[in-house]
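> Here is my input; please provide its structure:
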Amino acid sequence: MSEYLFPKRQTRRDFLAAGAALAVLPAFSPADEKNSLKLTVDPTWGRLPAGMKFGLGCAVVADGKDRIIVTSRSTNPCVAIFDTKGTLLETWGKEISDKIGYDLGQYTATAHGLYWSKEPDGEFLYWTENVSAPKGGKRIGARVYKTDMHGKILFQIGNVPEEGTKAVKWDFTNPTDVAVAANGDIYIVDGYGSQKVFLFDKDFKHKKTIGGRGKEHGLFNTCHGVWIRTLGKEPEVYIADRANNRLEIFSLDLQYKRSIEGVRTPCCFYQHDGHLYVPELGSRVTVIDEHDKIVSQFGDGSMIKDDITMHPGKFKAPHALTLDSKGNLYVLEWLPNGRIQKFSRG
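Down below sits the predicted model:
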């Protein structure tokens, strides 16, 4: 039976003095120092040419060719694609907004999540839109749509104009993230809205809903990210319960199992080489092993008062991250100019 493969590589300006040397940033591990990561930060990676700039950093993924795809709330570019060395390969602006039925301003108002998926018939991107309702205007966003690797919509669900063979209406309030399981099941979190987690099959037929707002296990306060973790005996669904400062863990059929504490406003996940990487909006990145043990937390820039971009390797607001096939880490921040940093293995 064909399976949907879990991505083993799942998606700026630093205004530093010219010629700044690479800074070595050893991560620390409060649990077991010998397992600390050794990372080298490149403060010049992913720069855009003159006339272009990132907006608020939304999402970053690595595709099957190790292309690093960055989305932000900018009109120029909406999407930037780099190689692992930081060379800009292509940008999408009006090309992507036209394909999803928006103008550039509407795209930037709704952009949020991005998920890369390797499936039996190829590679695909799943985009998650926030809702936008300009005063006096119609409500847009609140969709999840699946595209090919060029941004052509193949299916959409949520606040769609009309239903059809490639579109299904669904009452998302304000979705934030999506993940795809090995059998094609699709998990969508309504993290800025209803605080519910929705499970659909590969054809976007509804199977189950859990959640709602609260502090009890199985309820959420900003269920911002979702991931299918495959490090244990069986796959599990991890939810980044951001404002409750925890990770909630479920079976594939969304039965609650356990929680992980010790995280600080977690946003989402990426799995690589036996570890789960978690960007925390509270100024750091946390790394968790296959036993749910926190083995590294690094980059904490919460005490830095001046311009965070002058401090390579430190973070103010990590919103998304990904790793390439070599284990290099790319962290994107929710900052006005969407700062992205690459961390190479030491």
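
> Give me the residues contacting stretch 124-139.
Applying C-beta atoms under 8 Å, 6 or more residues apart in numbering, the contact partners of stretch 124-139 are 61, 69, 100, 106, 109-117, 140-149, 151, 154, 158-159, 172-178, 180, 186, 188, 192-193. Where C-beta positions appear, they are placed from N, C-alpha and C, glycine not excepted.

> And the buried ones among the residues you listed, selectable in ChimeraX?
Entered in ChimeraX, the line below selects the buried ones among these, by 16 or more other C-beta atoms under 10 Å:
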select :61,69,100,106,109,110,111,112,113,114,115,116,117,140,141,142,143,144,145,146,147,149,151,158,159,172,174,175,176,177,178,180,186,188,192,193
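
> and the contacts of stretch 124-139, which of them are in helices?
106, 109-110 (DSSP state H).

> what pairs with Phe124 across the strands?
Ser117 (DSSP bridges).

> Quick one: the strands in the stretch 201-346 of the chain, in order.
206-211, 223-229, 236-241, 246-250, 256-260, 270-272, 275-280, 284-288, 294-298, 318-323, 329-333, 340-345 (DSSP state E, counting those that start in this stretch).

> Can I get those in TSV including mean pLDDT?
Below are the strands of the stretch 201-346 of the chain laid out as TSV (pLDDT from 0 to 100):
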stretch	mean pLDDT
strand 206-211	99
strand 223-229	99
strand 236-241	99
strand 246-250	99
strand 256-260	98
strand 270-272	98
strand 275-280	98
strand 284-288	97
strand 294-298	95
strand 318-323	99
strand 329-333	98
strand 340-345	95
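
> can I get these in a markdown table with mean neighbour count?
Formatted as a markdown table, these follow (neighbours: other C-beta atoms under 10 Å):
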| stretch | mean neighbour count |
| --- | --- |
| strand 206-211 | 16 |
| strand 223-229 | 25 |
| strand 236-241 | 26 |
| strand 246-250 | 22 |
| strand 256-260 | 14 |
| strand 270-272 | 23 |
| strand 275-280 | 24 |
| strand 284-288 | 23 |
| strand 294-298 | 21 |
| strand 318-323 | 26 |
| strand 329-333 | 26 |
| strand 340-345 | 22 |
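
> Verify the contact between Ile153 and Gly164 for me.
No - checked against C-beta atoms under 8 Å, the pair Ile153 and Gly164 is beyond contact range at 11.6 Å.

> Who has more neighbours out of the two?
Neighbours were counted for Ile153 and for Gly164 using other C-beta atoms under 10 Å; Ile153 has more, 16 against 10.

> coming back round to it: out of the strands of the stretch 201-346 of the chain, which comes closest to His217?
Of all the strands of the stretch 201-346 of the chain, strand 256-260 sits nearest to His217, with 5.4 Å by C-beta to C-beta.

> packing partners for that closest one?
Secondary-structure packing of strand 256-260 (3 or more C-beta pairs under 8 Å, 6 or more residues apart in numbering; DSSP states H and E): strand 246-250.

> quick one: the strand it packs on to strand 284-288, angle?
Computed by axes from the mean of the first three to the mean of the last three C-alpha atoms, to 10 degrees, the angle separating strand 246-250 from strand 284-288 equals 40 degrees.

> So which other helices or strands are in contact with strand 246-250?
Applying 3+ C-beta pairs under 8 Å, 6+ apart, we find strand 246-250 packed against strand 236-241, strand 256-260.
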